[in-house]
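Colleague: Have a look; sequence and predicted model below, questions after that.
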Amino acid sequence: DGGITQSPKYLFRKEGQNVTLSCEQNLNHDAMYWYRQDPGQGLRLIYYSQIVNDFQKGDIAEGYSVSREKKESFPLTVTSAQKNPTAFYLCASSIDPTTGARQFFGPGTRLTVL
Amino acid sequence: KQEVTQIPAALSVPEGENLVLNCSFTDSAIYNLQWFRQDPGKGLTSLLLIQSSQREQTSGRLNASLDKSSGRSTLYIAASQPGDSATYLCAVKVTGNQFYFGTGTSLTVIP
């Protein structure tokens, strides 16, 4: 089956800890994205990557970091510098970042800070 | 900066009714507009994609229209079913490879 997988589904973090959320796609898509979703707000872009070894900050990148060492993988690290990390995190991909290509989403990871 | 608004925030209709969801955006310079469905605690499922040069797209009981000049899109759902209950989001793609999302309309179809 082709698609996007995210793990874990639920993640609990103590304050001061860094955590890494996994995102893998086997769609052979060039572009990958990380969004954050909070109740009553639209999805907000954290980071995106158009090709391997390249990524750009989105609107709310502070306190987050990413890497894109492989085409199929785009992990997101939530650092201790992120002041309010409790949210639902969604990973997405699209085949060509420069055209009007459709976005496909993973099932999401719910992060809770204890 | 592009702003996307969806009205109403919530909608409840009896089964079988036809309904329209609205999406508006502030900057008409878009590549495309996409409608998604999101079930509680799940990711987004793409429903329809309208390119900036298109006026509408149809898939089954769904029809989406786009009026770039007025900054509006509508999603029409015909003969609604309880399985249509979900949150519907619209998103516009702009230059710089950015997508901007609305806050969604939560739809409940009552059997």
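Modeller: Right, received. Where do you want to start?
Colleague: so who does residue 16 touch?
Modeller: Going with chain A. Counting by C-beta atoms under 8 Å, 6 or more residues apart in numbering or on different chains, A:G16 touches A:S80. Quick note: C-beta positions are derived from backbone N, CA and C, even for glycine.
Colleague: not what I meant, chain B
Modeller: B:G16 touches B:79-80, counting by C-beta under 8 Å, 6+ apart.
Colleague: Retrieve the pLDDT associated with it.
Modeller: Predicted confidence (pLDDT) for B:G16: 97.
Colleague: For it, grab phi and psi.
Modeller: Backbone torsions of B:G16, given as degrees, to the nearest 10, read phi 100, psi -20.
Colleague: Quickly note the distance from it to B:N22.
Modeller: Distance of B:G16 to B:N22, computed by C-beta to C-beta, to the nearest Å: 21 Å.
Colleague: pLDDT weak spots in chain B?
Modeller: B:96 (pLDDT under 70).
Colleague: switch the cut-off to 80
Modeller: Within chain B, the segments meeting pLDDT under 80 span B:95-97.
Colleague: next one: chain A
Modeller: In chain A (pLDDT under 80), the answer is A:1-2, A:96-101.
Colleague: Spatially central, which residue of it would that be?
Modeller: A:W34 (2.8 Å; C-alpha atoms, centre = their mean).
Colleague: Can you tell me the closest non-neighbouring residue to that residue?
Modeller: Spatial nearest neighbour of A:W34, chain neighbours left out: A:I46 (4.3 Å); criterion: C-beta to C-beta, 6 or more residues apart in numbering or on different chains.
Colleague: That neighbour touches A:E62, doesn't it?
Modeller: No: using C-beta atoms under 8 Å, A:I46 is not in contact with A:E62; the gap is 9.4 Å.
Colleague: Compare these two (neighbour count), which wins?
Modeller: A:I46 (26 against 11; other C-beta atoms under 10 Å in any protein chain shown).
Colleague: for that one, what are its contacts?
Modeller: Counted by C-beta under 8 Å, 6+ apart, A:I46 has contacts A:34-36, A:58-61, A:64, A:66, A:76, A:89.
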